[in-house]
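Okay, structure incoming, though there's no sequence with it:
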Ligand SMILES: C[S@@+](CC[C@H](N)C(=O)[O-])C[C@H]1O[C@@H](n2cnc3c(N)ncnc32)[C@H](O)[C@@H]1O
């Protein structure tokens, strides 16, 4: 998976990693920033996704498509499409460019709109990456968990970088008898939940 990333995707990944560093330091407004995961989180998610049971692969919060590229590597092995939700038009445009440039547009189902209103249509979820605004994590979690297949995984980013904002969400998941949950200290902190 990591040994044969296509050159076009690798190039786009490197460009976006450089741009993300610039965005975080030059005062770019939050709606324009890439706000993407670091590469080690991308690898971690791809490994988890490739190992998840049979079912659909979903991402909430596409931004420019960086994490989507990592997940697409796992989807290629699984023989699945990635369904990814994004609400902001400028991000949708950027992600469309990313997926085209990386040569994976046919493997991605980019859904435009508020994931909270659209998630109900997605069932038999094997893997979900949750990476949107922190105040919608619990709503999204509650829409995904009932539709996760047994053994299916939900990974939520930023639980250490936004510890205070996400404290009640993490408590909610840790106390949820439908899942086993653990915070993994990789990147910005990933809460990993496995459906029982
Ligand atoms: C942290 S960024 C995602 C970064 C991306 N996962 C990556 O690593 O490349 C969060 C994204 O979620 C999007 N978003 C926020 N609320 C949303 C919602 N209700 N539905 C869909 N997308 C949403 C934002 O517009 C933003 O682009």
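All right, it came through fine. Quick caveat: nothing in here was measured; it's all calculated off a predicted structure.

The ligand contacts on this structure?
If contact is defined as Cβ under 6 Å from any ligand atom, the residues of the chain in contact with the ligand are 35-37, 61, 63-64, 66-67, 85-88, 91, 114-116, 131-133, 136. For every residue, glycine as well, the C-beta is placed using N, CA and C.

Please type out the ChimeraX selection for whichever of those turn out to be buried.
In ChimeraX, a selection of the buried entries from those looks like this (16 or more other Cβ atoms under 10 Å):
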select :35,36,37,61,63,64,66,67,85,86,87,91,115,116,131,132,136
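
Which secondary structure element is home to residue 193?
With elements delineated by DSSP states H and E, residue 193 resides in strand 190-195, which encompasses its position.

what packs against that strand?
Under the contact criterion of 3 or more Cβ pairs under 8 Å, 6 or more residues apart in numbering; DSSP states H and E, the helices and strands touching strand 190-195 comprise helix 39-51, strand 148-157, helix 163-174, strand 179-184.

what residues does the first one touch?
Contacting residues not belonging to helix 39-51 are listed as 1-2, 13, 17, 37, 57, 66-67, 69-71, 73-75, 77-78, 127, 129, 153, 155, 157, 184, 186-188, 190, 192 [Cβ atoms under 8 Å, 6 or more residues apart in numbering].

from those residues, which would you call buried?
In these, burial by neighbour count holds for 13, 37, 57, 66-67, 69-71, 73-75, 78, 127, 129, 153, 155, 157, 186-187, 190, 192, counting by 16+ other Cβ under 10 Å.

Could you check how far residue 60 is from residue 9?
For residue 60, the distance to residue 9 (Cβ to Cβ, to the nearest Å) stands at 22 Å.

more neighbours, those two?
Taking other Cβ atoms under 10 Å, residue 60 and residue 9 do not tie; residue 60 has more neighbours (28 against 19).

pLDDT score assigned to that one?
pLDDT, residue 60: 98.

ditto for residue 24
Checking the pLDDT column for residue 24, the value is 88.

got the buried residues for stretch 93-108?
94-96, 98-99, 101-102, 104, 107-108.

let me redo that: stretch 175-184
Counting neighbours by 16+ other Cβ under 10 Å, stretch 175-184 gives 176, 179, 181, 183 as buried.
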